[in-house]
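> My questions are about this predicted structure, shown below with the sequence.
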Amino acid sequence: MLLGPILKKRADEKGLVYSLAFGDQPGIICEMIDWARTIGLEVVCAGKGTRFQPEYRYSTPATVWDYFGFTEEQVATGHYNTQMYNSFLDSTKSAIEMCAVSNASGSHPANMWASISTCGPGGAASHTDTEEAGGILEHPVQ
């Protein structure tokens with residue numbers, strides 16, 4: 001719901017097709033959703049794993065290098081984009097990717113901050129279910 005409709009409109013205006021890229025995380029997630037639905041499973045959530053720490057949401061382009069540990073010499077080469085690297089930390093990139101998944105799969109997105117789980121793989125099942133079933137999601141994706 002964030003960028004999909006705008007990108008679709010721009011593509012339509014130019015006679016182009018807007019779609020997810022195969023091999024990118026949103027495309028792979030949508031492929032998994034399609035597979036699960038095709039074999040008759042109910043999909044209650046979809047997402048991606050990333051190394052997220054709560055303090056990352058306070059990162060800015062001015063502070064991003066402190067989190068990555070790049071030296072001033074590395075950054076001075078000009079091959080580092082502060083906004084891009086910051087989007088990896090502050091969840092901007094994840095939010096855009098998950099909006100793409102919602103748009104492509106016809107699912108309803110959850111509140112992003114409520115659904116960020118800082119658990120490891122062993123705790124994912126208990127976190128990625130609806131509140132009604134003991135998880136953190138407000139509603140199933142369908």
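Nice, I can see it.
> just checking, T82 touches T63?
No. The pair T82 / T63 is not scored as a contact, 9.3 Å apart, by CB atoms under 8 Å. The way it works is simple: take the backbone N, C-alpha and C, and place the C-beta from them, glycine included.
> tell me the residue furthest from the middle of this structure?
Each residue of the chain has a distance to the centre, and by CA atoms, centre = their mean the biggest one is for E73: 31.1 Å.
> Now do that one against H79, distance only.
12 Å (CB to CB, to the nearest Å).
> what does G40 give?
G40 is 48 Å from H79, by CB to CB.
> what about the residue farthest from the centre of the chain, which helix or strand?
helix 72-76 (DSSP states H and E).
> and K48, what is it in contact with?
K48 sits next to 25, 29, 94, 97-98 when contact means CB atoms under 8 Å, 6 or more residues apart in numbering.
> Name the nearest residue to I136, sequence neighbours excluded.
Distance criterion CB to CB, 6 or more residues apart in numbering; nearest residue to I136, sequence neighbours excluded, is H127 at 5.4 Å.
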